[in-house]
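Visitor: please work out how this folds:
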Amino acid sequence: MSDLHVIFGTGSLGKWTARELVRLGKTVRMVNRSGKADRLPAGVELVASDAYDVTKNVAVTKGAAAVYQCAQPEYYEWAEKFPPLQAAILDAAAKNGAKLIVGDNLYMYGHFTGSLHEGSPLAPNTKKGKVRAAMAQAVLDAHAAGRVKAAIGRASDFFGPDDHDLTGYAILPAVQGKTANLLGRTDLPHSFTYIADFGKLLATLGTHDEALGQVWFAPTNAPITQAEFIKLIEAELGRPVKKMVGGPLMMRFLGLFNKAMAETVEMMFEWTNPYVIESSKAEKAFGLTPTPMQQAVRETVQWCRETKF
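Guide: Now for the predicted structure:
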């Protein structure tokens, strides 16, 4: 059996998936458009290619045991560009007989109450949620039809080294002595996934055939409030952190000048209501455990100190 594992996307999820696969002794090839990326594990091959081109995807994944879909278009281009991107990667994996492991989020569950788990009903209430629901169903349908052997890994809002989203707007500014940007309400429980744990999940799914045909949530610590999250950062920094909380009105205003921010408005319900997930399925099946939150914050703060943006 081939030990080659091919990852589309060199963002934070792709990098942490690669690190775990390397730790497991696998041969890893990563694919992005530019052929350039920093902080890749030693020995990882980086290839420049167009992931929308099925023919090129077939060539770059030839001989692979597993293909990981960790790539995505710009946030404001999801509806038009995300489905064809994933379809082109799925088609290549199917052509080459490789397993397909998809890095996904939770948007398709919509505005839920209680604790979310893999069996919770899908009820997308946003444009992006409907896109992700349809994309996930396409993967599961392809698996059920025998076209490709696939599994889906999902995570809540993630942070950690190499992440430029939540980490970039909330943690990095705090480390730099600037204002940390929070959203919605800071007194509600929220599940935060550490990006290293998400990458470890995807690598686990790609190396365990019993995971195929299913959805799995990344191991995630017990929920905390955004206020508690800031206190953990303050404890690492040894000083208070300035905070600014953006609500829907503020994000709508900022969205007039920034297309990515405009797209966050429909997702604000995640931050104005409790947002709690339960991840025991993967923990029990594979013995995975989330990195303790204090350690995760410490490692993220250290990365922010060392990184030039």
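Visitor: show me where this structure has its helices.
Guide: Taking DSSP state H, the helices of the chain run over residues 12-23, 54-60, 78-96, 127-144, 166, 172-175, 195-206, 226-237, 248-255, 259-264, 269-272, 280-286, 293-306.
Visitor: and those: which comes nearest residue 186?
Guide: Smallest distance to residue 186 across the helices of the chain (CB to CB): 4.1 Å, for helix 226-237. No exception for glycine: its C-beta is placed from N, CA and C like everyone else's.
Visitor: just checking, what packs against that closest one?
Guide: helix 172-175, strand 179-183, helix 293-306 (3 or more CB pairs under 8 Å, 6 or more residues apart in numbering; DSSP states H and E).
Visitor: switch the cut-off to 10 Å
Guide: Other helices and strands packing on helix 226-237, by 3 or more CB pairs under 10 Å, 6 or more residues apart in numbering; DSSP states H and E, are helix 172-175, strand 179-183, strand 242-246, helix 293-306.
Visitor: report the angle between the longest one and helix 226-237.
Guide: Relative orientation of helix 293-306 versus helix 226-237 (axes from the mean of the first three to the mean of the last three CA atoms, to 10 degrees): 60 degrees.
Visitor: give me the low-pLDDT residue ranges for this protein?
Guide: Within the chain, the segments meeting pLDDT under 70 span 1, 247, 249, 251-256, 309.
Visitor: quick check: domain ranges of it?
Guide: Under the assignment automatic domain parsing, the domains of the chain span 4-158+193-220+277-286, 160-189+223-272.
Visitor: so which of those domains gets nearest residue 302?
Guide: Of those, the one closest to residue 302 (CB to CB) turns out to be domain 160-189+223-272, at 8.1 Å.
Visitor: could you tell me the end-to-end distance of that closest one?
Guide: 23 Å (CA to CA, to the nearest Å).
Visitor: how far off centre is it?
Guide: Remark: domain 160-189+223-272 is offset 17 Å from the chain centroid, using CA atoms, centre = their mean, to the nearest Å.
Visitor: same question, stretch 290-300
Guide: Centroid separation for stretch 290-300 versus its chain: 17 Å, with CA atoms, centre = their mean.
Visitor: what lies in contact with that stretch?
Guide: If you take CB atoms under 10 Å, 6 or more residues apart in numbering as the criterion, stretch 290-300 is touched by 158-163, 166-167, 170-172, 175, 192-198, 200, 218-222, 224, 228-229, 231-237, 279, 282-283.
Visitor: the same query, at a cut-off of 6 Å, please.
Guide: Contacts to stretch 290-300, defined as CB atoms under 6 Å, 6 or more residues apart in numbering, come from residues 159, 160, 171, 194, 197, 219, 220, 221, 232, 236.
Visitor: same deal with stretch 195-210?
Guide: Taking CB under 6 Å, 6+ apart as the rule, stretch 195-210 contacts 12-13, 16-17, 20-21, 66, 68, 101, 103, 151, 153, 155, 158, 160, 163, 211, 218-219, 282, 286, 290-291.
Visitor: ok now that stretch, how far from the chain's centre?
Guide: That offset, for stretch 195-210, works out to 12 Å (CA atoms, centre = their mean).
Visitor: so for that stretch, what gets flagged as buried?
Guide: Residues of stretch 195-210 classed as buried: 195-207 (neighbour count, 16 or more other CB atoms under 10 Å).
Visitor: out of the contacts of stretch 290-300, which is nearest to residue 136?
Guide: Nearest member of those to residue 136, counting by CB to CB, is residue 220, at 18.7 Å.
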